[in-house]
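Asker: this one's structure only:
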């Protein structure tokens, strides 16, 4: 029978941790189990083992990647043991989540290079001295054929094709490799190997995270909590944040660039960024939002604070304040006596479209650049140029603006 006389101090701490861990979470299996695990941890003095797995398939991290990493840091700060799991074995298969075709296997050299770059960036978020970095090749490579067959016997083909990306590809008559069926099973086995109490992941990883619960139950372990974070929408307010879509904020970007990108997002989107990408208390966020709605707070002020908060996380508070001051000088007070980002252009003369798209990379395609020019948003030394066929004479020190947030000084 469960003890009804609980320690008030323990219960207050359970509530505090539960509120912190569920902030910004989109899906959770299950909150009641998580509450029970936190309570048991506090009563026994044994920290929870919290797992976040990544495959070293890329190297540049943006603040969308940082969402589950920051959640992992919250567990770390509350005294729990975090396991940052690098899929040195599973990366060879490639996570099929969200993919429309079988992924190419990575070489050992690519994996090693990506790990090094990844860890250099992760230390901007996690306290690496308190982070247990583990590599799943250490237990997956030692599995024999009999072990693998035992893992496979715990699942059915019907279960595996319940995954939306698998079923979509089958319906479209696109191949699904049997090795891809292994990926969620091996990810689940990782949880058995490290005896995870909690596993973090994105919402699109739910199928894989639940396989960990299945395997732990069959292995006689207490099942892990599956805590899923939302996919952060990119600067365009439409697609998920992605480097390939150029709608991202990199965690190693310069403070002024970070701040400027934050200022480009919509007023609606900034509340989502406040919740999942900053440490601002939820009651403060609620008060700011209510202030904007009743007209007592200007949304621009809220966005400037958001920019400073994000810069502070990846740099420091001083840089956050300086980035805000720089932005206000350049875009609000029109003060050009400040350091501006520079771009070197060799050409003597160039078309406006080529300048914006090819040389400066302000736009991925010509249609957006064309639209901005026609609307008067393209300026050279504060003089608008509205002719999409105009040629621009390149001079050292000239200042080019594209819209309200993009500005650069040309150097030769």
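Answerer: Sure, I can see it. Given the structure is predicted, the values throughout are model-derived calculations rather than measurements.
Asker: Would you mind giving the secondary structure of residue 200?
Answerer: Following DSSP: H, G, I helix; E, B strand; the rest coil, we place residue 200 in the strand state.
Asker: Quick check: beta-bridge partners of it?
Answerer: Counting by DSSP bridges, residue 200 is bridged to residue 52, residue 227.
Asker: Could you tell me the per-residue confidence at it?
Answerer: Note for residue 200: predicted pLDDT of 97.
Asker: quick one, what contacts it?
Answerer: With contact taken as Cβ atoms under 8 Å, 6 or more residues apart in numbering, residue 200 is in contact with 50-52, 68, 71-72, 227-229. The way it works is simple: take the backbone N, C-alpha and C, and place the C-beta from them, glycine included.
Asker: again, 7 Å this time
Answerer: 50, 52, 68, 71-72, 227, 229 (Cβ atoms under 7 Å, 6 or more residues apart in numbering).
Asker: which residues sit against stretch 140-153?
Answerer: For stretch 140-153, using Cβ under 7 Å, 6+ apart, the contacting residues are 89, 185-186, 189.
Asker: how about a cut-off of 10 Å?
Answerer: Stretch 140-153 is contacted from outside by 87-90, 92, 135, 178, 181-182, 185-186, 188-190, 192-193, 211, 215, 218, using Cβ atoms under 10 Å, 6 or more residues apart in numbering.
Asker: Tell me which entries of these lie within helices.
Answerer: Cross-referencing these against helices under DSSP state H gives 178, 181-182, 185-186, 188-190, 192-193, 211, 215, 218.
Asker: Scan those residues and report the most crowded one.
Answerer: Counting neighbours by other Cβ atoms under 10 Å, residue 188 leads the ones in helices among the contacts of stretch 140-153 with 26 neighbours.
Asker: residues contacting the residue nearest to that residue when sequence neighbours are not counted?
Answerer: Spatial nearest neighbour of residue 188, excluding adjacent residues (Cβ to Cβ, 6 or more residues apart in numbering): residue 211 at 3.5 Å. Shown in contact with residue 211 (Cβ under 10 Å, 6+ apart): 151, 154-155, 159-160, 183-189, 191, 226.
Asker: Counting neighbours, which of these comes out on top?
Answerer: Top of the contacts of residue 211 by neighbour number is residue 191, holding 30 neighbours under the definition other Cβ under 10 Å.
Asker: wait, what's in contact with the closest residue to that one other than its chain neighbours?
Answerer: Leaving out its chain neighbours, the residue that sits closest to residue 191 by Cβ to Cβ, 6+ apart is residue 212, at 3.5 Å. The neighbours of residue 212, taking Cβ under 10 Å, 6+ apart as the test, are 51, 53, 184-185, 187-192, 196, 199, 201, 221, 223-224, 226.
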